[in-house]
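Student: how would this look folded up:
(chains A, B and C)
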Amino acid sequence: MSTRNTRWFSQALLPWYREHGRALPWRGKPDPYRVWLSEVILQQTRVDQGLAYWQRFVDRFPGVQDLAAATEGEVLKLWQGLGYYSRARNLLVAARQVVRDFRGTFPGTHAELITLKGVGDYTASAIASICFGQPDAVVDGNVYRVLARVFGIEIPVDSTEGRKRFKALAQELLDHDHPGDHNQAVMELGATVCTPKNVACLLCPVQGRCIAFASGRIDALPVKKGVAKTRDRYFNYLHIRTSNGLYLRQRTGKDIWQGLWEPPLIESGAPLTAKKLQERLGPGWQVRSRGEEAKHVLSHQVIRAVFWDVTPPKREKLDPGWKAMDAAAVRAVAVPRLIEQWLKRAGI
DNA sequence: CACGCGTGGTT
DNA sequence: TAACCAAGCGT
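Tutor: Predicted coordinates:
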């Protein structure tokens, strides 16, 4: 049990936050449903990117019961373009958990909140502190950066030891009288002042006690072990359009874009020539033209996609998982950005 | 517990 | 440009 003085941190941060914190729509009167929605949307996502999505979800699903009654397809469609689609699938699962397990009312403790799918330690702490005044400190990327700099901590934040130490420090610093504002203040400082690059130390309320600032180590903190390298993948999409419409199929399995729709896909270990594709498809298929190539960069993959214009053999039984869709049907299903952009360019 | 999961902004 | 990073989570 540390007895060092930690009060100054919150005492400097809270007034700054109340004057400079952004007026985000879920602040003010914090309704757990709206806060939960914002927290899930903002996982690994910037406020600027997530804000419009939050508004769409609140408009379409004003309460957790409304969301619980939705289909996965509709939730994915509303989520389209935001990435990390497991968040959308888990969002629906969690909404149904709240209705079934908690009679439609969000639970108010960390232990109960964390039972919800897609709600981990961070999100449970955020909801518990912001909506229910519980003394649970949040630790996100902002908190790692702020604490590493202010306290001059060189332990890698992406290590088991680091996660443990930063969590303990954040909990020690937490203002128990204002846990929600305190948590949001640290994150807001990290998002707007104590940023990864272009740090605004001159505007920082704790500059006077910041070890990294005093020792000129702002750019060296926080320490990270490193990121996993990316792999290249080659996607050959089959553009098949008949009088029945455009053929799409839904992605399944553990791969990317689970639950989203795309044209029939042949993945290869290297770029494919028209002849090679023809061999893969088999007799009767016509490879009419090689469409544009699109480079799509994900966090751990680089996808090089080619859209091939092909015609299946007459009277050939196509894969039953391939669905012929008219324009309205295509617009109604969720597609990855890569496919969304192709559809747009192709005028579909 | 190390890894995989999207997209977009910034440098 | 390639690299880095963002209000993390599930497995």
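
Student: from here on, just use CA atoms for contacts and neighbour counts.
Tutor: Will do.

Student: for chain A, what spans make up the strands?
Tutor: Using DSSP state E, the strands assigned to chain A run over residues A:231-239, A:241-242, A:245-250, A:261-262, A:265-268, A:286-297, A:301-311, A:323-325.

Student: what strands line up against the last one, and which way round?
Tutor: Right, the one you point to is strand A:323-325. Strand A:323-325 sits in its sheet next to strand A:245-250 (antiparallel), going by DSSP bridges.

Student: mind listing what's buried along the strand it pairs with?
Tutor: Residues of strand A:245-250 classed as buried: A:246-250 (neighbour count, 16 or more other Cα atoms under 10 Å).

Student: using JSON lines, lay out the strands of chain A together with distance to A:V93 and mean pLDDT.
Tutor: Conversion of the strands of chain A to JSON lines gives the following (distance: least, Cα to Cα, whole Å; pLDDT from 0 to 100):
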{"stretch": "strand A:231-239", "distance to A:V93": "31", "mean pLDDT": "95"}
{"stretch": "strand A:241-242", "distance to A:V93": "35", "mean pLDDT": "94"}
{"stretch": "strand A:245-250", "distance to A:V93": "20", "mean pLDDT": "97"}
{"stretch": "strand A:261-262", "distance to A:V93": "20", "mean pLDDT": "98"}
{"stretch": "strand A:265-268", "distance to A:V93": "29", "mean pLDDT": "96"}
{"stretch": "strand A:286-297", "distance to A:V93": "29", "mean pLDDT": "93"}
{"stretch": "strand A:301-311", "distance to A:V93": "28", "mean pLDDT": "96"}
{"stretch": "strand A:323-325", "distance to A:V93": "26", "mean pLDDT": "97"}
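
Student: which one of the buried residues of strand A:245-250 is nearest DNA strand B?
Tutor: Relative to DNA strand B, the closest of these is A:Q250; by Cα to the nearest atom of the strand it sits at 12.7 Å.

Student: now for the closest one: which residues touch it?
Tutor: A:258-262, A:321-322 (Cα atoms under 8 Å, 6 or more residues apart in numbering).

Student: quick one: buried ones out of those residues?
Tutor: Those of the contacts of A:Q250 that meet the buried threshold are A:258-262, by 16+ other Cα under 10 Å.

Student: what stretches of the stretch 101-250 of chain A score poorly on pLDDT?
Tutor: Low-confidence regions of the stretch 101-250 of chain A, defined by pLDDT under 70, are absent; no residue qualifies.

Student: what are the boundaries of the helices in it?
Tutor: A:110-113, A:121-132, A:141-150, A:160-173, A:179-192, A:211-214 (DSSP state H, counting those that start in this stretch).

Student: and these as CSV, adding distance to A:Y17 and mean neighbour count?
Tutor: Written out in CSV, the entries for those read as follows (distance: least, Cα to Cα, whole Å; neighbours: other Cα atoms under 10 Å):
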stretch, distance to A:Y17, mean neighbour count
helix A:110-113, 24, 18
helix A:121-132, 14, 24
helix A:141-150, 14, 23
helix A:160-173, 16, 16
helix A:179-192, 5, 23
helix A:211-214, 20, 18
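
Student: can you name the residues bridging to the spatially closest residue to A:A305 that is not a sequence neighbour?
Tutor: Closest residue to A:A305 in three dimensions, ignoring its sequence neighbours and counting by Cα to Cα, 6 or more residues apart in numbering: A:F235, at 4.5 Å. Note on A:F235: beta-bridge partners A:E267, A:A305, judged by DSSP bridges.

Student: count of neighbours near A:F235?
Tutor: Around A:F235 there are 22 other residues, counting by other Cα atoms under 10 Å.

Student: and stretch A:86-104, what's buried?
Tutor: So, applying 16+ other Cα under 10 Å, buried residues of stretch A:86-104: A:87-99, A:104.

Student: what residues does the stretch 101-250 of chain A have near DNA strand B?
Tutor: Neighbours of DNA strand B within the stretch 101-250 of chain A, by Cα under 7 Å from any atom of the strand: A:159-160, A:197-198, A:228.

Student: what residues does chain A put near DNA strand C?
Tutor: Listed as neighbours of DNA strand C in chain A under the rule Cα under 7 Å from any atom of the strand: A:24, A:38-39, A:42-47, A:84, A:116-124, A:140-142, A:145, A:184, A:187-188, A:190-191, A:195-196, A:224, A:226-227, A:299.
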